[in-house]
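Asker: model this:
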Amino acid sequence: MRLLCLAALLVAVEARAEEVRGKVIDAVTGEPLSRVTVRLGALQVVTGADGSFADFHISSGDYTLQATTVGYRILKLDFSLLPGESKEFEILLQPDTLRRSETIQVTEGPFARESATAVALSGNELRNLSSVLVDDPLRAVQGMPGVTSNDDFQSQFSVRSAGFHRLGVYVDGVLLHAPLYTLQGETNSASITAFNSDFLDSVDLHPGAMPLTFGDRTAGALDLRTREGDRTQVRARATASFSNAALFVEGPLDKSRRGSWLVAARKSYLQFLIDATADDTAVAFGFADTQTKINYDLTPGHNVSLSVTDGRSGLDRSNRSLLGLSSLAENDYNLTVVTLASRYTPGPSFLIANRVAYLRERFNNWNRDGAPLAGGCYGEWVWNAEATRVWKDGGALDFGWSVRKVRDSGNFDRLVSPTVRRRLDEFHGDGLRTGGYAQQTWPLAGRRVAATAGVRWDRHSVNQVNAWSPRAALAIQLWRGARLQLAWGQYVQYPEISQALSSFGTPRLLPERATHSQVSIEQRLGERTRIRVEAYNRLDRDLLFRPLAERRLIAGRVFNPLATAPIVNSQRGYARGAQIFVQRRTANGFNGWISYTYGRAQVRDGVTGSHFAADFDQRHLVNVFGGYRVLPTVNLSVKWSYGSGLPVPGYFATTSTPAGAILGRASNFALSASRNQVRLPYYQRVDLRVNKAFVRGKPQITVFGEVVNVLRRRNARFDELRSFDANGGARLGFEQTFPLLPTAGVAVDF
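Answerer: Numbering: from 1, shown residues only. From the prediction side, this is the model:
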């Protein structure tokens, strides 16, 4: 009997010894992942709330462990189990929007990398907000707290009542002149971002009082960082939807894992959807582009990279017999961006980064008969250098400089007859923009307080204006999880060559200026939830405008705009408001945000003496985004945007058109002596999205389904002043944006 008991005990011990257990962790944040399917042969379990999976009792042998869940890259691990051996694994899953990582990047929490002035998109937020309809990172930004976008056809947006032209889009530290595919000379054309979301590692939005490294923009900065390729193995992703198709491939340069490469290519079919929904087919166009990037570590502390983006967009309207002589029938646009970057750390406390970039844009417009209507070429050479020195007390000195050699030329014509051409505008010239900055950060009061002060200097060779722009910020840890943040700064934006050296401009145009001040209080509610309340004030001056180029009433009579109306620094104004948002960022359960923004923006024009609401003045704005991984293979997300009506830019008044009834009623308007009186109806759009992954093996397939504008809201956008009469009556054109629009797509990961 004793021998039988001893034998049973040995068997039990051996069975318990041959076990496999472990925990699944987000490779970026270190957060344990629940609802992850873990397979080992024919056995399958789902991780619990702490990311752990139950014991697998198996016999010795060779096995493949597989961990999968929607929104993350599939992971397979081959291992051998010896008799009597027990194994415990720590499995790192990487969000499928980022490159693979073999280590956990330890941070202070999910909001650690966001500065006092920034809000960031992280991981799968970027993919789920980009939309199945248009995989566009700027459309993902449109859903962020405080961002206004009331035009479904365009990727542009406004922040704190400032237009997109005043917001800087920086890719790896390089300011892009035109980061969009669109139709040149057609202000109401649709637009698409000139890079795709698969290429991005991080997205940070600075809506005001941005750091000094961001120059030549006065209202905000969007900081986009591209990612490196996978250094361990070749991976590929192919996606297709009703509106676009894309291929993304990445892999190591060699077996040493010192470098990587990645290639992305896209082809759009969005023009067919826009053509079916928009009243004006001039907003519809197609595009195709490729992006490549190579990274290599020359030494452990010196990395170099080369990235190339080349894209082409165009319009070719088929039914040309209905077009006027000066109507746009065909367009071709080409964008090229080449960036060579170096990142060098000679020691643990010093970092030096250099970037040399070349940007080129070419466009041509033709009419129905193939006669040219417009054409132009923009070129720019850029050298940016940045350095950071960290002191022993934790303080840091940041400094840098920038040199930009710019050349721009173009012309816009109107055909009066097949043989008579009228030149509307022409510009040609070059200029050198230079700038530099330095700022110091001091940790105080046992690092409960951080103070920053610095100054930026800029100069443009065209107007030869030197501008000094100081900035200061203060962050105070009030109590556990609570922080008070204050920021103040001044910013300048120089006129473009197409403004200063155009038919309507002058080299003496001054740079636009803005002074930002903001205060915010943030309280952490646990590790992964926060609430932030902030107030802001922006004072603008020397804004560029053509006040005599708009038709209006003066003393009851119609004033016709001057064909030679000059561009002048005639406007000044303010934008002020407050915002509150609650955000939860987690890989488990509900994640997303709820935000509300109230703002007012007013402008005074020094030439006409008129006061009016700014073109992007929006009093009430609500942005809501939420996602939830309901099953290991299913993720649901919803996006809701609401905004009170934006002004219809111009001197118009309503006669009998009630609010909300603009669509289909283009007549009941009149010219006015006051600007921006008419407003569009409120904008509201709800989008639902579901991602379903099929992860039993390779290739991994993810199906995306989305319903745009679930509530069937008839949102409108302003097109143009179509006609007017001698008594001041006016016909304004409006277009309906996306109706209820279901769409679907599929991604295959190899």
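
Asker: right, and the helix or strand after the host helix or strand of V45?
Answerer: Element membership for V45 (DSSP states H and E) is strand 43-46. Using DSSP H and E, the helix or strand that follows strand 43-46 in sequence is strand 52-57.

Asker: contacting residues around G556?
Answerer: Applying CB atoms under 8 Å, 6 or more residues apart in numbering to G556 gives no contacts. For glycine as for every other residue, the C-beta is placed from the backbone atoms N, C-alpha and C.

Asker: gap between the closest residue to F559 other than its chain neighbours and Q602?
Answerer: In this structure, F559 finds its nearest non-sequential neighbour in R552, 5.4 Å apart by CB to CB, 6 or more residues apart in numbering. Per CB to CB, to the nearest Å, R552 is found 18 Å from Q602.

Asker: Which of the two has more residues huddled nearby?
Answerer: Higher neighbour count among R552 and Q602: R552, with 21 against 16, using other CB atoms under 10 Å.

Asker: That one touches A670, doesn't it?
Answerer: No. Here R552 lies out of contact with A670, judged by CB atoms under 8 Å, at a distance of 10.7 Å.

Asker: Show me what the helix or strand hosting S517 is packed up against.
Answerer: Secondary structure assignment for S517, by DSSP H and E: strand 512-524. Contacts defined by 3 or more CB pairs under 8 Å, 6 or more residues apart in numbering; DSSP states H and E place strand 512-524 against strand 482-493, strand 529-545.

Asker: List the buried residues in stretch 191-205.
Answerer: 191-200, 202-205 (16 or more other CB atoms under 10 Å).

Asker: circling back to that earlier point, check contacts around the residue nearest to F559.
Answerer: V558, F559, G650, Y651, L671, S672, A673, R675.

Asker: Quick check: of the residues you listed, which lies closest to A236?
Answerer: Set against A236, the nearest of the contacts of R552 by CB to CB is G650 (49.9 Å).

Asker: how close does the residue lying closest to that closest one once chain neighbours are set aside get to G251?
Answerer: The spatially closest residue to G650, leaving aside those adjacent along the chain, is E550, at 5.9 Å (CB to CB, 6+ apart). Note on E550: its distance to G251, by CB to CB, is 55 Å.

Asker: Strands along the stretch 501-650 of the chain, start to end?
Answerer: Under the criterion DSSP state E, counting those that start in this stretch, strands of the stretch 501-650 of the chain are mapped to 512-524, 529-545, 552-554, 557-559, 568-584, 590-605, 611-613, 620-631, 634-643.

Asker: Make JSON lines out of those and add distance to R21 and mean pLDDT.
Answerer: Compiled in JSON lines, the strands of the stretch 501-650 of the chain are given as follows (distance: least, CB to CB, whole Å; pLDDT from 0 to 100):
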{"stretch": "strand 512-524", "distance to R21": "32", "mean pLDDT": "96"}
{"stretch": "strand 529-545", "distance to R21": "30", "mean pLDDT": "96"}
{"stretch": "strand 552-554", "distance to R21": "75", "mean pLDDT": "92"}
{"stretch": "strand 557-559", "distance to R21": "80", "mean pLDDT": "90"}
{"stretch": "strand 568-584", "distance to R21": "29", "mean pLDDT": "96"}
{"stretch": "strand 590-605", "distance to R21": "27", "mean pLDDT": "95"}
{"stretch": "strand 611-613", "distance to R21": "63", "mean pLDDT": "96"}
{"stretch": "strand 620-631", "distance to R21": "22", "mean pLDDT": "93"}
{"stretch": "strand 634-643", "distance to R21": "26", "mean pLDDT": "94"}
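
Asker: would you turn the ones you listed into JSON lines with distance to G163?
Answerer: Converted to JSON lines, the strands of the stretch 501-650 of the chain look like this (distance: least, CB to CB, whole Å):
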{"stretch": "strand 512-524", "distance to G163": "11"}
{"stretch": "strand 529-545", "distance to G163": "10"}
{"stretch": "strand 552-554", "distance to G163": "21"}
{"stretch": "strand 557-559", "distance to G163": "25"}
{"stretch": "strand 568-584", "distance to G163": "11"}
{"stretch": "strand 590-605", "distance to G163": "11"}
{"stretch": "strand 611-613", "distance to G163": "13"}
{"stretch": "strand 620-631", "distance to G163": "15"}
{"stretch": "strand 634-643", "distance to G163": "15"}
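
Asker: looking at the ones you listed, which is closest to A264?
Answerer: Nearest to A264 among those is strand 634-643 (23.0 Å), distances taken as CB to CB.

Asker: buried sites along that closest one?
Answerer: Across strand 634-643, burial judged by 16+ other CB under 10 Å covers N635, L636, S637, V638, K639, W640, S641, Y642, G643.

Asker: closest to Q142 among these?
Answerer: Out of these, the member with the shortest distance to Q142 (by CB to CB) is S641, at 7.4 Å.

Asker: The closest one and V141: what is the separation?
Answerer: S641 sits 12 Å away from V141, taking CB to CB as the criterion.

Asker: low-confidence ranges in this protein?
Answerer: 1-18, 97-117, 132-133, 270-284, 318, 656-667, 696-697 (pLDDT under 70).

Asker: remind me, longest strand of it?
Answerer: Ranked by residue count and defined by DSSP state E, the top strand of the chain is strand 420-444.

Asker: Could you break the protein into its assigned domains?
Answerer: Listed domain ranges for the chain are 15-93, 119-749 (source: automatic domain parsing).

Asker: contacting residues for the residue nearest to G650?
Answerer: Counting by CB under 8 Å, 6+ apart, E550 touches P561, G650, Y651, R675.

Asker: Most neighbours among the residues you listed, which one?
Answerer: Most surrounded of the contacts of E550: other CB under 10 Å gives Y651, at 25 neighbours.

Asker: if you skip the residues just before and after it, what's nearest to it?
Answerer: Leaving aside its sequence neighbours, Y651 sits nearest to R552 (CB to CB, 6+ apart; 3.3 Å).

Asker: Could you do D393 as well?
Answerer: Leaving aside its sequence neighbours, D393 sits nearest to P443 (CB to CB, 6+ apart; 6.3 Å).

Asker: Spatially central residue in the protein, please.
Answerer: L138 (3.4 Å; CA atoms, centre = their mean).

Asker: Quick check: that one vs R225, distance?
Answerer: Going from L138 to R225 by CB to CB gives 15 Å.

Asker: just checking, E85 is part of a strand?
Answerer: No. Under DSSP: H, G, I helix; E, B strand; the rest coil, E85 falls outside any strand and is assigned coil.

Asker: Would you mind confirming that it makes contact with S60?
Answerer: Yes. Judged on CB under 8 Å, E85 makes contact with S60 at a distance of 7.1 Å.
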